[in-house]
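Participant: My questions concern the predicted model and sequence given below.
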Amino acid sequence: MSRFIVANRRAGLRSDDDRARARRAADAFYDKNLRDRVDVVGDVAPKDPTGRRIVWFEVTERMFLDRLELPKAVLLEPSIAHVPAVDPTLRGEHRVDATARDDFGSGFTLRVRVVGADDAAAPVAGARVVVTFDDLDDPGGENGPVRQARTTDDNGVAMFTYGLPLLARSVLVLPAEGFYNARRVLRPVVRGDRAAVTIPLAPLPHGPLGWWHRGVGVDRLVRDRGDGIRVGVVDTGLGPNPALAHARSVGAFLHGRHESQLGAGVDVEGHGT
């Protein structure tokens, strides 16, 4: 079986009319050419007529796809699972909200141990650990991500219990102090019924100046440097991070319009400031 994705194009389309036409073209292409000939794995179809519809599907015979006439507004491409070759350290990862559900199932356990990178024998206590799961009943992610959060104990350990249809996909560690955040993408080897993973944390630099100061040419500490200066940051949204409690959102600027209503500046791309 080969897996593919079909979706409507949005890049380069600046007006809502153009986006709506692209969406209608993708819907018509799917209904005419694919609906009755493929096995659908997932279908994310936003109610917004300008939104991107994404359909994951599998076929046993892919040759007929090469013979289809593809409209310019429609994307059809293989679905490729990308797995990072290294475990990145994320500075500022903010998606730490746990899913509001009482039952994550049973049968699987995941033991996460958090240690300092400079001393693997030194546990990091009090770190918030968030595990994100794949939901096999919701392969397209239409119901949103599933997350479970715990805090490491004095031994640097956080335990998670879950069951099918959930599979642990990644671990995010947010230490209380002294270390950078870290994120680990889980390989199938740690998806068993009793799995364990150790995550080392890179220490924050000591002293009044960090790499971010030297990166912009600051080589000495001046206590009142920056007083009275207001800074504006343009990004995909303002994530709910306690380090940004003093920041004030001025809204969103979309398609040449300013949206200032409550919640307009909330991150919607899974990135955040």
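Facilitator: All right, it came through fine. What you are looking at is a predicted structure, and each value in this text was computed from that prediction instead of being measured. Numbers count the residues shown, from 1 in each chain.
Participant: Could you tell me how far residue 121 is located from residue 150?
Facilitator: Separation of residue 121 from residue 150 (Cβ to Cβ, to the nearest Å) stands at 22 Å. Placement of C-beta: from N, CA and C, glycine included.
Participant: Could you do residue 33 as well?
Facilitator: Note on residue 33: its distance to residue 150, by Cβ to Cβ, is 47 Å.
Participant: where exactly do the strands run in the stretch 101-250 of the chain?
Facilitator: 108-116, 119-123, 128-135, 146-151, 157-162, 166-174, 182-185, 194-201 (DSSP state E, counting those that start in this stretch).
Participant: closest to residue 261 out of these?
Facilitator: Each of the strands of the stretch 101-250 of the chain has some distance to residue 261 by Cβ to Cβ; the shortest is strand 146-151, at 27.1 Å.
Participant: Compare residue 121 and residue 150 and say which is more crowded by neighbours.
Facilitator: More crowded of residue 121 and residue 150, by other Cβ atoms under 10 Å: residue 150, with 17 against 6.
Participant: Which residue comes closest to the more buried one once chain neighbours are left out?
Facilitator: Leaving aside its sequence neighbours, residue 150 sits nearest to residue 158 (Cβ to Cβ, 6 or more residues apart in numbering; 3.9 Å).
Participant: how deep is the one you found tucked in, by neighbour count?
Facilitator: Around residue 158 there are 23 residues (other Cβ under 10 Å).
Participant: if I look at it, how far off is residue 131?
Facilitator: 9 Å.
Participant: Now do the shared contacts for these two.
Facilitator: Here residue 158 and residue 131 share the contacting residues residue 112, scored by Cβ atoms under 8 Å, 6 or more residues apart in numbering.
Participant: Let's see the pLDDT reported for residue 29.
Facilitator: For residue 29, the model assigns a pLDDT of 93.
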